[in-house]
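**Q** Structure for this input, please:
(chains A and B)
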Amino acid sequence: MSALFGNLTHFGAMMFFALVVSITFAFLSKRTLLERMKYTLWAFLAFILVAVGIGWLMYPFSQ
Amino acid sequence: MKPQAVKGNQLLGIAAAVAGWIVPGLGHLLLRRWSKAAVYFLCVGGLACAGLAMRGGVFGAGAEDLFDRLGFVADLGSGIFYFLAHQIETAGPDIAHATGDYGTRLFAAAGMLNLLTVLEAYDIGRGGDPR
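**A** Sure thing, here's the model as predicted:
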């Protein structure tokens, strides 16, 4: 288990979280495969963009 | 593949919800939602195992702080992964480092995701929207 996930970087962990949650939300809310694929991609990109955006917003306070 | 219809009732909904809580995806498996069952098991299980492998903490039942109690409820949502947490990651938690803290959040997120799938299993089981 540790060999598989133990070496995840923080960014890698965030990407993994975003992907898994996006897939689950897609299966919860959409019916067809195409709809689910579109929703997964859209939600995944939104997760990453928002996380990186919030990271940059917080950057001045870390100085 | 279109899922075969299962005639729903309240009892089936509750049984599917309990099964889905204990083992993520099992409720959907009982309701013949094969793809959903597999995806939910892999996603919830993957997230929980990642959280444990990152040496995240697992909240116990005896928490005194409100946030710890909420964390306990979230963690408990992952069902069997909560009860087997110490067997899955024998090294134990290490929340002194940021990675362990992230692991704690991933494990709680797995529990919350599973609670959402449990609600859906209950809805399908009682004859709700067969999405």
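
**Q** so what secondary structure elements neighbour the helix or strand B:Leu113 falls within?
**A** Remark: B:Leu113 resides in helix B:98-125, with elements defined by DSSP states H and E. For helix B:98-125, the packing partners by 3 or more C-beta pairs under 8 Å, 6 or more residues apart in numbering or on different chains; DSSP states H and E come out as helix A:10-29, helix B:10-22, helix B:26-30, helix B:34-53, helix B:66-76, helix B:80-83. Heads up, the C-betas are built off the backbone N, CA and C, glycines and all.

**Q** what's the distance between it and the middle of its chain?
**A** Relative to its parent chain, helix B:98-125 has a centroid offset of 5 Å by C-alpha atoms, centre = their mean, to the nearest Å.

**Q** Any idea which residue of chain A lies closest to chain B?
**A** A:Phe5 (3.6 Å; C-beta to the nearest C-beta).

**Q** Distance check, that residue against B:Val44.
**A** A:Phe5 sits 14 Å away from B:Val44 when distances are taken as C-beta to C-beta, to the nearest Å.

**Q** And those two? Which one has more around it.
**A** Here A:Phe5 and B:Val44 are set side by side on neighbour count (other C-beta atoms under 10 Å in any protein chain shown), and the busier one is B:Val44, at 29 against 21.

**Q** burial of residue 38, as a residue count?
**A** By default, I'm working from chain A. Counted by other C-beta under 10 Å, the residues lying close to A:Lys38 total 13.

**Q** Chain B was what I was after
**A** B:Ala38 has 14 neighbours, counted by other C-beta under 10 Å.

**Q** what do you get for A:Lys30?
**A** Under the criterion other C-beta under 10 Å, the count of neighbours that A:Lys30 has is 16.

**Q** Now do the same for it: its pLDDT.
**A** At A:Lys30, the pLDDT value in this model is 94.

**Q** And for A:Thr24?
**A** What the model reports for A:Thr24 is a pLDDT of 97.

**Q** That one: neighbour count?
**A** Applying other C-beta under 10 Å, I find that A:Thr24 has 25 neighbouring residues.

**Q** doesn't B:Thr117 make contact with it?
**A** Yes: under the criterion of C-beta atoms under 8 Å, A:Thr24 makes contact with B:Thr117 at 7.2 Å.

**Q** Now do the shared contacts for the two.
**A** Overlap of the contact sets of A:Thr24 and B:Thr117 (by C-beta atoms under 8 Å, 6 or more residues apart in numbering or on different chains) consists of B:40, B:44.
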